[in-house]
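Trainee: Below is the sequence, then the predicted model.
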Amino acid sequence: MRKFDVILSTDRSLMTNHHGKEFLGFGTTMPIILPRKFIQWLFCPPMKHEDGIVWQAPYGLRRIEARLVHDGINAAVIDPDYVPKYIERGAKVLIIRHHDWFGLNPPTTTWTAFIDKEPLNAVLFREFIESVCKLRDKYDFKIIVTGPAVWQWLHMNDLIDKYQIDVIVDSNGDREEIVVSRIVKRILEGKPVPSYIKMGIKDNLTLDKLVPIIHASVNGLIEIGRGCPRKCAFCSVGSRPVRWYPLEFIEKEIQVNVKEGVDHGILSCTDVLLYGSDSVIPNENAVLKVNMLAKKYWRQVGWSHCTLAAAVANKKLIDAVTEVLIDGENQKLLGVEVGVESGSVKLMRMHMPAKSKPFPIEKWPEIVEEAFALFHEHNIVPAATIIVGLPGEDEDDVKATTELIKRLRPYRSLIVPMFFVPMGPSRLGRQEWFRKIKPYHVELLMACLDHALYWAEKLVEEYMTDRKYFLIKRALRWFLNKVKENRSKVEQKLREFAEANT
């Protein structure tokens, strides 16, 4: 085993490639209602590694790793099971990054609102950090936690001392990597460091100072830009200035993944259809170029997110880009996460009036239906989110959303309800958490479940075509059948929760 001064890691819910299928990662947010070994095997199997040095790692960790190595620091991303061994070999700093440290983010909070079981991701993190803390008495090392989800530590501040966290880096910008590197240097030099560092949303590096990743990311996911022009009130990403990475930078990160054996990838940003645009109107040439670049190297290309309004604003672009990506042999579908959020024009106008641009917000339900129909026709599969319990929500708003979801039934998709969580530095960050459903919420939640049950089995077959997924498909079919068998019990339980809140 090699020796590193600095190691980076996270728990098993993120240090995995989910069998090469990113969507399976959502399963790590579910409560442990089935045998734990089964759901860990299904949703977050161990990552391939060599002496604990992982093959693929979460992109955020890879960015920090690249900055540390660039700055002359001996660092590597390590599998969580091997972290103790590298600390024993003399690592002086452990950097941890996570998306949902304590299960406070949606969709985790949605499932756990009704089931008195801990979510898998929170259990895995707790076990990981406790295994690390056991080493503090014997070995001298510091723990840094970082990333946009560190707001959760401020809600659970008693755990900062319990888990002996030395530095919290509260970041919502590009300077996270360079600030972490400076903190690490001070620690290695024996100098004092602050226990909490807050970086503003505009604390960005110039593009020429960004350092590309040097090793493969989970399922080839790479960023092509940051920020969002729509600036929805519930979202912290929209507060970042919009900037797009140049094709040369993107190509370097794709090449790193391909060189290390990752033959598929995900283009990640708030809206892939706005790549290269300085407005909410797609830059058709830029979008085609970045997707053609990705398809040049990868057999399959996915998108992290896109907006429905951008798709409707340039339907010809959808024709052109799917012609590039969906070749019918290596790739038959294109998956992407989209935000429907609500079917209520009132709530949309209140919290996200630019979501529909360049169209008026009054047209939002029509835009959603039109985009879903367009995606269905072009084999794009949206995994859509809706937000339950937005501030100002009333029964009419929920009914409008329920009706919209029912109208989306003909279109291949999944729709995930997420209870409102005041996350981080968003404009709604000081509002109350949504935790108590009413009877009319039950209709909404069951509409989402029925939509999922209608499409899920078909999507499993289309999503996992390789023979190597035979066992995983069987497991997913079994899981879906169990959900179908218990549908009426689920509805009854939801109604009991709702009646208790009336």
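Mentor: Arrived safely, thanks for sending.

Trainee: switch to C-alpha atoms for all contacts and neighbour counts from now on
Mentor: Noted.

Trainee: Look up the closest residue to the residue nearest to the spatial centre of the chain, ignoring the ones flanking it.
Mentor: Centroid-nearest residue in the chain, with C-alpha atoms, centre = their mean: residue 99, separated by 7.2 Å. Nearest non-adjacent residue to residue 99, counting by C-alpha to C-alpha, 6 or more residues apart in numbering: residue 149, 5.6 Å away.

Trainee: Let me see the contact set for the one you found.
Mentor: 98-101, 170, 424 (C-alpha atoms under 8 Å, 6 or more residues apart in numbering).

Trainee: Which ones among the residues you listed map onto helices?
Mentor: Among the contacts of residue 149, none falls in helices (DSSP state H).

Trainee: What's the ChimeraX line that selects buried ones from these?
Mentor: With 16 or more other C-alpha atoms under 10 Å as the criterion, this ChimeraX line picks the buried residues out of those:
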select :98,99,100,101,170,424
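
Trainee: ok, how many other residues are close to residue 241?
Mentor: 16 (other C-alpha atoms under 10 Å).

Trainee: Tell me, what's the model's pLDDT at the closest residue to residue 331 other than its chain neighbours?
Mentor: Spatial nearest neighbour of residue 331, excluding adjacent residues (C-alpha to C-alpha, 6+ apart): residue 300 at 5.5 Å. pLDDT, residue 300: 95.

Trainee: What is the neighbour count of residue 300?
Mentor: 21.

Trainee: Residue 162 too?
Mentor: 10.

Trainee: How about residue 448?
Mentor: Neighbours of residue 448 (other C-alpha under 10 Å): 22.

Trainee: Contacts only, for it.
Mentor: Residue 448 neighbours (C-alpha under 8 Å, 6+ apart): 405, 415-417.

Trainee: how near is the residue nearest to residue 331 to residue 335?
Mentor: 10 Å (C-alpha to C-alpha, to the nearest Å).

Trainee: list the buried ones in the helix of greatest length in the chain?
Mentor: For the chain, the helix with the greatest residue count under DSSP H is helix 439-463. Judged by neighbour count (16+ other C-alpha under 10 Å), helix 439-463 contains these buried residues: 439-457, 459-460, 463.

Trainee: Just the mean pLDDT for it, thanks.
Mentor: Here the average pLDDT along helix 439-463 is 93.

Trainee: is it true that residue 276 touches residue 288?
Mentor: No. Using C-alpha atoms under 8 Å, residue 276 is not in contact with residue 288; the gap is 10.3 Å.

Trainee: neighbour count winner among these two?
Mentor: More neighbours surround residue 276 than the other of residue 276 and residue 288, with 23 against 20 (other C-alpha under 10 Å).

Trainee: so what's that one up against?
Mentor: 244, 282-283, 286-287 are the contacts of residue 276 under C-alpha under 8 Å, 6+ apart.

Trainee: Buried subset of those, written for ChimeraX?
Mentor: Filtering the contacts of residue 276 down to the buried ones (16+ other C-alpha under 10 Å) takes a single ChimeraX command:
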select :244,282,283,286,287
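
Trainee: For the contacts of residue 276, name the two members farthest from one another.
Mentor: With distances taken as C-alpha to C-alpha, the most widely separated pair in those is 244 and 282, at 13.0 Å.

Trainee: okay, and the common contacts of these two?
Mentor: Common neighbours of residue 244 and residue 282 (C-alpha under 8 Å, 6+ apart) are 275-276.

Trainee: What's the first helix or strand after the helix or strand bottoming out on mean pLDDT in the chain?
Mentor: Least confident helix or strand, the chain: helix 108-112 with a mean of 85, by mean pLDDT, DSSP states H and E. Downstream of helix 108-112, the next assigned helix or strand under DSSP states H and E is helix 120-133.

Trainee: residues in contact with that following helix?
Mentor: Against helix 120-133 from outside (C-alpha under 8 Å, 6+ apart): 10-13, 28-32, 80, 83-84, 100-103, 163-164.

Trainee: let's go with 10 Å and repeat that
Mentor: Helix 120-133 is contacted from outside by 9-14, 26-33, 36, 39-40, 43-44, 80-81, 83-84, 87, 94, 96, 98-104, 108, 143, 162-165, using C-alpha atoms under 10 Å, 6 or more residues apart in numbering.

Trainee: Would you show me how to pick out the buried ones of those residues in ChimeraX?
Mentor: In ChimeraX, the members of those classed as buried (16+ other C-alpha under 10 Å) are selected with the following command:
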select :9,10,11,12,13,14,27,28,29,30,31,32,39,40,43,44,80,83,84,87,94,96,98,99,100,101,102,103,104,108,143,163,164,165
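
Trainee: Next one: residue 59 from residue 240, what distance?
Mentor: For residue 59, the distance to residue 240 (C-alpha to C-alpha) stands at 19 Å.

Trainee: Likewise for residue 131?
Mentor: 35 Å.

Trainee: again, but for residue 267
Mentor: Distance from residue 267 to residue 240, by C-alpha to C-alpha: 19 Å.

Trainee: next one: residue 187
Mentor: 29 Å.

Trainee: Comparing the two, which residue is more hemmed in?
Mentor: residue 240 (20 against 16).

Trainee: Next, give phi and psi for the nearest residue to that one once chain neighbours are set aside.
Mentor: Of all residues not flanking residue 240 in the chain, residue 227 sits nearest, at 4.6 Å (C-alpha to C-alpha, 6+ apart). With angles defined as degrees, to the nearest 10, residue 227 sits at phi 90, psi 170.

Trainee: what ranges of the stretch 101-250 of the chain fall below the confidence cut-off?
Mentor: Across the stretch 101-250 of the chain, residues meeting the criterion (pLDDT under 70) sit at 172-174, 201-205, 238-239.

Trainee: Which stretches in it count as strands?
Mentor: Under the criterion DSSP state E, counting those that start in this stretch, strands of the stretch 101-250 of the chain are mapped to 142-147, 167-170, 196-198, 222-223, 225-226, 243-244.

Trainee: Run the chain-centre distance for the fourth one.
Mentor: Chain-centre distance of strand 222-223: 12 Å, with C-alpha atoms, centre = their mean, to the nearest Å.

Trainee: Now do the helices in the stretch 151-300 of the chain.
Mentor: Using DSSP state H, counting those that start in this stretch, the helices assigned to the stretch 151-300 of the chain run over residues 151-155, 158-162, 176-188, 247-259, 284-297.
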